[in-house]
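Participant: Provided below are the primary sequence and the corresponding predicted coordinates.
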Amino acid sequence: MKLTKICKAILQKNTIKTGVINNNKKVFKFHGSEVENIIIRYAVRQYDKPGTVVIEEFDALKDPEPCETINMQVVADFVTITFYRKENENSIIRRELIPSHAIEHIWVKDLQEQNLQ
């Protein structure tokens, strides 16, 4: 199988937006625990080019979706990414499911302690 590696950030209108919406920082969570960032690298088959696999990357900090919270969980055979308009009201904008067999790597950057002594 021919493997074509193309890593790309999620772009919208040729602009990568940072994790800021309405002057409020987006909250990123991994299984409900707040983290600094989540990056997922996964494979996508190209149906118009048999035998070709494209490697894509989801980076929560660079995601342009206007939302309050992004929560990522590994559940059964899928990695679930949930975008919340207001998490405390369970107001979900959308969900994305990536089959776990397509996942190459998941990086979770934990929050850093502000006052280390």
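Facilitator: Done, it's in.
Participant: could you report the neighbour count for Ile40?
Facilitator: Burial of Ile40 is recorded as 21 neighbouring residues (other CB atoms under 10 Å). To be clear about C-beta, it is placed using only N, CA and C from the backbone, and glycine gets the same treatment.
Participant: skipping its backbone neighbours, what lies nearest His101 in space?
Facilitator: In space, and not counting its chain neighbours, His101 is closest to Asp77: 7.5 Å by CB to CB, 6 or more residues apart in numbering.
Participant: residues contacting the one you found?
Facilitator: For Asp77, the contact set (CB atoms under 8 Å, 6 or more residues apart in numbering) comprises Pro99, Ser100, His101.
Participant: hmm, try it at 10 Å
Facilitator: Leu97, Pro99, Ser100, His101 (CB atoms under 10 Å, 6 or more residues apart in numbering).
Participant: distance of it relative to Arg94?
Facilitator: Taking CB to CB, to the nearest Å as the measure, Asp77 falls 20 Å from Arg94.
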